[in-house]
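**Q** no sequence on hand, only this structure:
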């Protein structure tokens, strides 16, 4: 992120593939004294919620996944396959929740 901040004089937004990368991007932006963009991560981790609590930070949102729900669904599907059942689809979608500063207080976390 430090290299990107040096290379590009203007950045609109950063999409981090996980919350820890987003927190790192926020730190790099602070060190570079840049604040013209916002950061969105993925996972809904405690690191992200802590970063969003900082009103001076750039971390604006995280797509909160449900690791326990994902594991539960995987076990269910695995059991179905063992029992000889056919999957209705090879695409299994598990909803995520967008957590922002506006709804952070209602987010229960993992």
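**A** Done, it's in. Quick caveat: nothing in here was measured; it's all calculated off a predicted structure.
**Q** by mean pLDDT, point me to the weakest helix or strand of the protein.
**A** Of all helical and strand segments in the chain, the minimum by mean pLDDT, DSSP states H and E falls on helix 67-82, at a mean of 93.
**Q** what's next to the following helix or strand past that one, contact-wise?
**A** Once helix 67-82 ends, the next helix or strand along the chain (criterion: DSSP states H and E) is strand 97-100. Here strand 97-100 makes contact (CB atoms under 8 Å, 6 or more residues apart in numbering) with 44, 48-49, 52, 60-64, 107. The way it works is simple: take the backbone N, C-alpha and C, and place the C-beta from them, glycine included.
**Q** okay, now the sheet partners of strand 97-100, with direction.
**A** Strand pairing for strand 97-100, determined by DSSP bridges: strand 59-64 (antiparallel).
**Q** what's the average pLDDT for the strand it pairs with?
**A** Averaging pLDDT along strand 59-64 gives 96.
**Q** circling back: buried subset of the contacts of strand 97-100 as a ChimeraX selection?
**A** Selecting just the buried residues from these in ChimeraX takes one command, with 16 or more other CB atoms under 10 Å as the test:
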select :44,48,49,52,60,61,62,63,64,107
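**Q** any idea what residue 43 is bridged to?
**A** With DSSP bridges as the rule, residue 43 is bridged to residue 64.
**Q** check it and give its pLDDT.
**A** 93.
**Q** thanks again, I'm all set now.
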